[in-house]
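Asker: Build me a structure from this.
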Amino acid sequence: MWERKRERERRKRKRKRAAMASSACSKSMIPLGGLCEAKSKLCKVKVSVSVSLRPLAMYRKGKGKGKGMGKCSCSGVVGKNVMETCVRRWKGEEDGWCLGEKPRILVSEKLGEAGLKVLREVGEVECAYEVTQEELCRKIAGFDALIVRSGTKVSREVLEAGKGRLKVVGRAGVGIDNVDLQAATEYGCLVVNAPTANTIAAAEHGIALLASMARNVAQADASTKAGQWLRSKYVGVSMVGKTLAVIGFGKVGSEVARRAKGLGMHVIAHDPYAPSDRARSIGVDLVSFDEAISTCDFISLHMPLTPSTTNLFNDSIFSKMKPGVRIVNVSRGGVIDEDSLLRALDSGIVSQAALDVFTQEPPSPHSKLLQHHNVTLTPHLGASTLEAQEGVAIEIAEAVLGALKGDLSSTAVNAPMVSPEVMSELSPYFVLSEKLGRLAVQLVSGGTGIKSVKVVYRSSRGPDDLDTRLLRAMVTKGIIEPISNTIVNLVNADFIAKQKGLRLSEERVVVDSSPDLPLDSIQVQISSVDSKFASALSENGLISIDGKVKFGEPHLTCVGSFDVDVSLEGNLILCRQVDQPGMIGLVGNILGQQNVNVSFMSVGRTSRRKQAIMAIGVDEEPNKEALHNIGAVPSIQEFVFLKL
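Answerer: From the prediction side, this is the model:
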């Protein structure tokens with residue numbers, strides 16, 4: 001009965017805070033806990049907050065006197081959860097910007113007006129087209145986001161110059177070979193692209209080049225406009241019944257295959273990562289690379305430019321092809337060694353080539369490929385349709401703004417890739433994972449280095465139906481940030497852990513729980529360390545804490561071998577004591593005398609009148625006197641204060 005009453009009171013307080021937050025002053029940047037002043041790195045609004053967060057009063061134009069609220073120069077109300085959100089962003093613990101402050105976004109290449117409109121509704125946008133590398137390095141420190149196409153090189157120097165502020169790089173298109181992903185990951189900068197909006201446009205252009213090349217359209221057009229009538233010279237070949245090899249069976253490659261099938265072609269494909277069932281559903285046979293290039297009549301390239309694909313099509317590969325093959329490239333110019341292609345054209349191994357992309361763009365006017373009569377060229381027009389340009393602009397604008405607000409975009413290319421459905425389902429467990437990591441690291445006694453962490457997920461689902469990469473990243477964030485100056489996010493969590501020598505392993509345990517919930521509980525274990533709170537050690541000597549999500553909120557459910565149940569909001573006091581009457585009231589009275597509000601309290605014990613652990617949730621950090629008085633209680637054997 002008492003538990004239900006306490007839960008009703010907790011929900012009532014939460015609704016009240018939410019109501020206060022909904023009318024919050026949009027320019028506040030409030031640090032948590034303690035009487036302090038802070039100057040926001042983003043909005044430069046100086047604010048102060050009292051030690052107490054209760055009662056929830058307000059300041060209006062800085063004249064209010066209620067405790068627990070922020071103060072700013074504009075009218076409005078600042079609720080507690082707004083303060084917590086703002087300070088997490090101010091401290092770098094959350095991506096995003098202070099409420100009411102517009103992020104600054106630099107667009108270095110032409111972007112569709114529809115995308116710019118989306119950006120300007122939320123951010124301050126500056127368009128600096130054709131900016132040089134030196135100018136970009138000088139400017140980038142003043143921006144939260146950078147949007148590029150294929151012409152801007154986002155190098156390590158650029159990312160280093162923007163590491164104090166740059167949070168996201170958006171590539172308006174598919175390929176990200178002009179972005180240094182390793183450097184972006186190291187600096188915690190999310191890289192997102194727009195992989196879907198121009199898919200159809202690129203596929204259509206690939207088919208257009210295929211047909212134009214087969215029927216000599218470009219050459220015949222130039223000849224006719226020059227006053228010639230050379231019907232016999234420009235006899236083409238039919239595509240019906242011919243074999244097309246699609247190298248790279250991703251979004252664009254699969255769409256090219258669909259259209260080629262409609263033209264009556266036999267389509268084979270090579271892609272080491274393509275699922276065979278998707279290929280079969282289109283009527284395409286997945287084959288080895290050697291089989292693809294040696295048996296086909298036409299080749300269409302749709303692969304990214306990586307160290308393994310750079311100059312992949314060289315003299316050795318061309319020598320394996322069927323004589324008279326025709327090749328189309330609408331992917332990346334660097335995948336073809338252009339000198340090797342020229343030799344293959346001159347020898348007749350390659351009958352014709354149609355190129356939309358080049359190793360150097362624009363290509364040198366002295367390039368022999370430009371003058372070759374068996375080569376059809378277009379100036380990187382794969383995504384150049386009105387519909388695609390607008391779609392790409394909107395897609396990248398939404399991805400960049402989502403990343404700035406702290407949402408993990410499904411188009412992120414240097415962060416754990418999960419579907420929006422999985423992210424939505426696991427989102428309540430993100431906070432739980434981070435807070436368990438923060439609790440666990442604070443239980444480690446000073447002087448002992450953390451080297452090995454194990455995360456145990458208990459769920460009724462099988463291993464193939466539970467993607468835990470984001471949860472692992474949040475545990476890593478919770479462990480590393482409290483004991484270092486490093487800012488950890490979903491982008492760089494694994495890199496930072498490896499850099500600091502932290503080995504994090506995962507284990508999944510199948511339990512009988514509700515299949516509607518992705519997880520029953522999460523346990524964090526730290527091995528080979530001493531603990532400042534001995535009761536947190538399990539029987540095998542590991543620091544061990546468990547947590548669950550209840551009513552959408554993170555709860556601590558087990559410390560060592562003691563069961564507890566306390567909401568992980570505010571801060572936490574753990575006490576190991578002799579189980580006897582009056583202990584709750586005694587500790588509660590000590591905290592009350594120091595104006596520290598108790599939000600939750602739970603007691604777990606081994607048996608009656610033996611040892612027990614009392615877990616106390618508090619809204620504020622107790623002062624030294626309160627902590628000393630708690631430790632002086634004879635029946636309390638040990639205690640620890642933990643910040644959340």
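
Asker: In contact with Ile268, which residues are there?
Answerer: Contact partners of Ile268, counting by Cβ atoms under 8 Å, 6 or more residues apart in numbering, are Thr243, Leu244, Ala245, Val246, Val284, Asp285, Leu286, Val287, Glu291, Ala292, Thr295, Cys296. C-beta: built from backbone N, CA, C; applies to glycine.

Asker: Look at it and report its pLDDT.
Answerer: On the pLDDT scale, Ile268 is placed at 96.

Asker: Nearest residue to Val488 in space, please, no chain neighbours.
Answerer: Once flanking residues are discounted, Val488 sits nearest to Lys477: 4.2 Å by Cβ to Cβ, 6 or more residues apart in numbering.

Asker: so is that neighbour in a helix, a strand, or just coil?
Answerer: For Lys477, the assignment made with DSSP: H, G, I helix; E, B strand; the rest coil gives helix.

Asker: For it, give me its contacts.
Answerer: Residues counted as contacts of Lys477 (Cβ under 8 Å, 6+ apart) are Glu434, Gly437, Val488, Asn489, Leu490, Ala493.

Asker: Among those, name the ones in helices.
Answerer: In this view, the contacts of Lys477 that belong to helices under DSSP state H are Glu434, Gly437, Ala493.

Asker: With distance to Asn329 and neighbour count added, can I get these in a markdown table?
Answerer: Listed next are these as a markdown table, based on distance: Cβ to Cβ, whole Å; neighbours: other Cβ atoms under 10 Å:
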| residue | distance to Asn329 | neighbour count |
| --- | --- | --- |
| Glu434 | 45 | 24 |
| Gly437 | 47 | 28 |
| Ala493 | 37 | 25 |
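
Asker: just these now: which is nearest Asp339?
Answerer: Closest approach to Asp339 among the ones in helices among the contacts of Lys477 (Cβ to Cβ): Ala493, at 42.9 Å.

Asker: Please identify which helix or strand holds Val174.
Answerer: Under the criterion of DSSP states H and E, Val174 resides outside all helices and strands.

Asker: That one and Val252 touch, don't they?
Answerer: Yes - between Val174 and Val252 there is a contact at 7.4 Å, judged by Cβ atoms under 8 Å.

Asker: hey, what's in contact with both of those two?
Answerer: Counting by Cβ under 8 Å, 6+ apart, the contacts common to Val174 and Val252 are Thr199, Ala202.

Asker: Tell me, how many residues neighbour the nearest residue to Phe358 once chain neighbours are set aside?
Answerer: Spatial nearest neighbour of Phe358, chain neighbours left out: Gly333 (4.0 Å); criterion: Cβ to Cβ, 6+ apart. Per other Cβ atoms under 10 Å, the neighbour tally for Gly333 reads 17.

Asker: Quick one: residues contacting Gly333.
Answerer: Leu355, Val357, Phe358, Thr359, Gln360, Glu361 are the contacts of Gly333 under Cβ under 8 Å, 6+ apart.

Asker: what's the pLDDT at the second one?
Answerer: It refers to Val357. In this prediction, Val357 carries a pLDDT score of 94.

Asker: Let me know the secondary structure of it.
Answerer: The three-state assignment at Val357 reads coil, by three-state DSSP.

Asker: so it sits right up against Leu305, yeah?
Answerer: No - using Cβ under 8 Å, Val357 is not in contact with Leu305, being 9.3 Å away.

Asker: neighbour-wise, which of these two wins?
Answerer: Just comparing Val357 and Leu305: by other Cβ under 10 Å the higher neighbour count belongs to Val357, 23 against 20.

Asker: now the more buried one, nearest residue through space, not along the chain?
Answerer: Leaving aside its chain neighbours, Val357 sits nearest to Gly333 (4.1 Å; criterion: Cβ to Cβ, 6+ apart).

Asker: what about the one you found, distance to Asp464?
Answerer: 39 Å (Cβ to Cβ, to the nearest Å).

Asker: One more: Arg605?
Answerer: On the measure of Cβ to Cβ, Arg605 and Asp464 end up 39 Å apart.

Asker: chain center to stretch 121-139: distance?
Answerer: Averaging C-alpha positions (Cα atoms, centre = their mean, to the nearest Å) puts stretch 121-139 23 Å from its chain's average.

Asker: now swap in stretch 622-631 and tell me
Answerer: Per Cα atoms, centre = their mean, the centroid offset for stretch 622-631 relative to its chain is 41 Å.

Asker: on that earlier part again, so for Arg605 and Asp464, which residue has more residues nearby?
Answerer: In this comparison of Arg605 against Asp464, neighbours counted by other Cβ under 10 Å, the higher total goes to Arg605 at 17 against 6.

Asker: The closest residue to that one other than its chain neighbours: how many residues sit nearby?
Answerer: Excluding the flanking residues, the one nearest Arg605 by Cβ to Cβ, 6+ apart is Ala612, at 3.6 Å. If you count neighbours by other Cβ under 10 Å, Ala612 ends up with 22.
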